[in-house]
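Engineer: How does the following fold in three dimensions:
(one chain, ligands or ions: 1)
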Amino acid sequence: MNSNATIHVNSELGTLKRLLVHSPDGGIGKVVPGKFKEWLYDDTVHISQMRREYNEYVKLLLYFLDPEKIPYITEFEKKQAHKKQPDCYKPHHPDYFNSDKVIDTQYLLAQVLKNETIKQRIVSAVCAWEGCSFATERMLDAIQDPYELAKVLISGVLHIADNNANDFVFAPLPNFIFTRDISIVINDHILLSNAATPARERESMLMKYITYYHLYKNNPEKVIEISESSDFFLLEQSEQQVFKTSVEGGDVMMIAPNHLLIGCSERTTPSAVDEIIHKIFANNQTGIEKISVVKIPKQRAMMHIDTVFTQVRKNTWVLFGRFSEKVMQQKNATQYAYYLHLMEKEDMPDLENIEVLRFYKPLQQAYHPGTNYQLDIRDKIQGLESLLHNISIEDYGVAPEDVTIIYSGNNVFPYDEREQWTDSCNLLALKEGVVVGYDRNDETMKAFQAAGFNVIKVTDLLQKFQNKELTPAQVQNTLIVLPSAELSRARGGAHCMSMPLLRENI
Ligand SMILES: NC(=[NH2+])NCCC[C@H](N)C(=O)O
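Structural biologist: Numbers count the residues shown, from 1 in each chain. Sure thing, here's the model as predicted:
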């Protein structure tokens, strides 16, 4: 990695230096029950409480990544204690904390919109996509303030002067807080997502513009995009459903410097996986030499692979035990019968459905697009637990006996399942061994303690930082838990709510 690099990620664990986030915007506060399924929500969310929880997350990130901003926000919080959301947290506000390490996508979009030509392109694209009237398009064009326009393009809410009301001009993007899903940095390249559902397609579109006109403006050749194959357009509709190409970042992990892991899930299709493998192996600059593909059941509770496991240390993982072959063998008869029963139910995961494949970059032959080229499938790994062991041992040189797997809900039913649902396995590593999760997953927290980790509430940790009892550099082997009553309702944890741009090399 060149020392001036601002975008480079080669693991899930290297000390986090820069990332994209998005503070819950007004769109989330407008989700109605009738839209749950379509907008990928399961409940309404109390937006002001959610923001309070999210602000703790932002403050934690700033302490670790950009501590110089702390006095500024602390001052604001004091000064504006009466406000539901202090202005320093609003990416459209002139008093926004504006860090170049903890960056809001809305703020970045505003930077892109400052260029008049690009602004027109984005407004036209969004309006065409959303089927807006020409009058609406003109109203959007007329917004001079890029910060205001970015807010409208994300929340869908426009202030209409004629009737002095805030009206929807198109649907909000209530899932934009899950920045992980919109793209993924692979060493110094970036893979753009191609959202699986219409509810998230505008997110992919906005990220494409942010990438080409800002993040990768000077090196667009490092952007990897996937799209439908040319035959796709001639397929019948029913076949198109099978061969659709979609990928979301929550399914892609830069798991080790030369190793990419992709989940094939409800959101990431086999066609997309196939295309990513070909594109990445055809490109000699990505640094990827092997790709592991994990097929998981297509299920709401595990819409992406990062809801099933994440990495904590080179030798430590957190995993939803239901998908561990070892645990399945150890289950006693009653529990086993329970799982068999679940497997019969249509909407429950079928254990047979977990499949792990590994593809290696061919060393000898050059890749020729268009030739009938076969990928080299050398390993078929037995299950998830073997895969995680294999990564620790093969990629990180850990001794087999030192690999530790911590299970969701300590692997006891029903806590395993309840806590997986509230993202016990979806942790963000701030550095190796220091991960962020939710305070509601009690049994998983106990499992972390039993594995020798400290577990601390974010408010207590921030207090210690503030009192100078501790510095972020001193924090080791710790699970930091965020308040999560509202945040967890949107179905994503700290891993989903982060899109790392820069990590130190591991
Ligand atoms: N990487 C993740 N697990 N993201 C979670 C996304 C949750 C969001 N409500 C959705 O269904 O799309």
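Engineer: Does stretch 163-175 reach the ligand?
Structural biologist: Yes. Applying Cβ under 6 Å from any ligand atom, one finds stretch 163-175 touching the ligand at Asn175. For every residue, glycine as well, the C-beta is placed using N, CA and C.
Engineer: Centre of the chain to that stretch, how far?
Structural biologist: 25 Å (Cα atoms, centre = their mean, to the nearest Å).
Engineer: Buried ones in it, by neighbour count?
Structural biologist: 169-175 (16 or more other Cβ atoms under 10 Å).
Engineer: do the same with stretch 254-274
Structural biologist: Applying 16+ other Cβ under 10 Å to stretch 254-274 flags 254-269, 271-274 as buried.
Engineer: between the buried residues of stretch 163-175, which is nearest the ligand?
Structural biologist: Asn175 (4.4 Å; Cβ to the nearest ligand atom).
Engineer: what about the residue of the chain most remote from its centre, which SS state?
Structural biologist: For the chain, the residue at maximal distance from the C-alpha centroid (Cα atoms, centre = their mean) is Asp162, at 39.2 Å. Using DSSP: H, G, I helix; E, B strand; the rest coil, the structure places Asp162 in coil.
Engineer: The one 5 residues further on now?
Structural biologist: In terms of secondary structure, Asp167 is strand; the call rests on three-state DSSP.
Engineer: how about it, what does it touch?
Structural biologist: Asp167 makes contact with 157-158, 160 under the criterion Cβ atoms under 8 Å, 6 or more residues apart in numbering.
Engineer: related to what we said a few turns ago, what's the lowest-pLDDT member of the buried residues of stretch 163-175?
Structural biologist: Among these, Val169 carries the lowest pLDDT, at 92.
Engineer: For that residue, give me its contacts.
Structural biologist: Contacts of Val169 (Cβ under 8 Å, 6+ apart): 130, 132, 136, 139-140, 152, 156-158.
Engineer: so what's the residue of the chain found nearest the ligand closest to, chain neighbours aside?
Structural biologist: Relative to the ligand, the nearest point of the chain is Gly250 (2.2 Å; Cβ to the nearest ligand atom). Spatial nearest neighbour of Gly250, excluding adjacent residues (Cβ to Cβ, 6 or more residues apart in numbering): His304 at 3.0 Å.
Engineer: burial of the one you found, as a residue count?
Structural biologist: By other Cβ atoms under 10 Å, the residues close to His304 number 27.
Engineer: Report pLDDT for it.
Structural biologist: 97.
Engineer: is it true that it touches Glu248?
Structural biologist: Yes. Using Cβ atoms under 8 Å, His304 makes contact with Glu248 at a distance of 6.1 Å.
Engineer: need the helices for the stretch 351-500 of the chain, in chain order.
Structural biologist: 384-390, 415-421, 442-450, 458-466 (DSSP state H, counting those that start in this stretch).
Engineer: Residues in a beta bridge with Arg18, which ones?
Structural biologist: Leu502 (DSSP bridges).
Engineer: Quick one: distance of stretch 299-312 to the chain centre.
Structural biologist: Computed by Cα atoms, centre = their mean, the chain-centroid distance of stretch 299-312 equals 10 Å.
Engineer: Tell me the residues of the stretch 1-150 of the chain that contact the ligand?
Structural biologist: Residues of the stretch 1-150 of the chain lying near the ligand (Cβ under 6 Å from any ligand atom): Leu40.
Engineer: List of residues touching stretch 197-213?
Structural biologist: With Cβ under 8 Å, 6+ apart, stretch 197-213 has contacts from 38-40, 105, 108-109, 112, 115, 118, 121-122, 125-126, 129-130, 153-154, 170-171, 173-176, 181-183, 190, 192-195, 220, 223, 225, 248, 267.
Engineer: From the residues you listed, which land in helices?
Structural biologist: Mapping these onto helices (DSSP state H) picks out 38-39, 105, 108-109, 112, 118, 121-122, 125-126, 129-130, 153-154.
Engineer: Can you tell me which of the residues you listed is closest to Ile405?
Structural biologist: The closest of the ones in helices among the contacts of stretch 197-213 to Ile405 turns out to be Thr105 (Cβ to Cβ; 33.2 Å).
Engineer: and the closest one, how many neighbours does it have?
Structural biologist: 24.
Engineer: contacting residues around it?
Structural biologist: 20-22, 154, 176, 179, 182, 206-207, 210.
Engineer: pLDDT score for it?
Structural biologist: With respect to pLDDT, Thr105 scores 98.
Engineer: which residue sits closest to it, ignoring its sequence neighbours?
Structural biologist: Thr105 sits nearest to His22 (Cβ to Cβ, 6+ apart), 4.8 Å away.
Engineer: Look at that neighbour and say how many residues are nearby.
Structural biologist: His22, neighbours per other Cβ under 10 Å, totals 25.
Engineer: show me where pLDDT drops low in this protein?
Structural biologist: 1-3, 326-353, 363-380 (pLDDT under 70).
Engineer: Relative to Tyr41, how far out is the residue of the chain closest to the ligand?
Structural biologist: Separation of Gly250 from Tyr41 (Cβ to Cβ, to the nearest Å): 16 Å.
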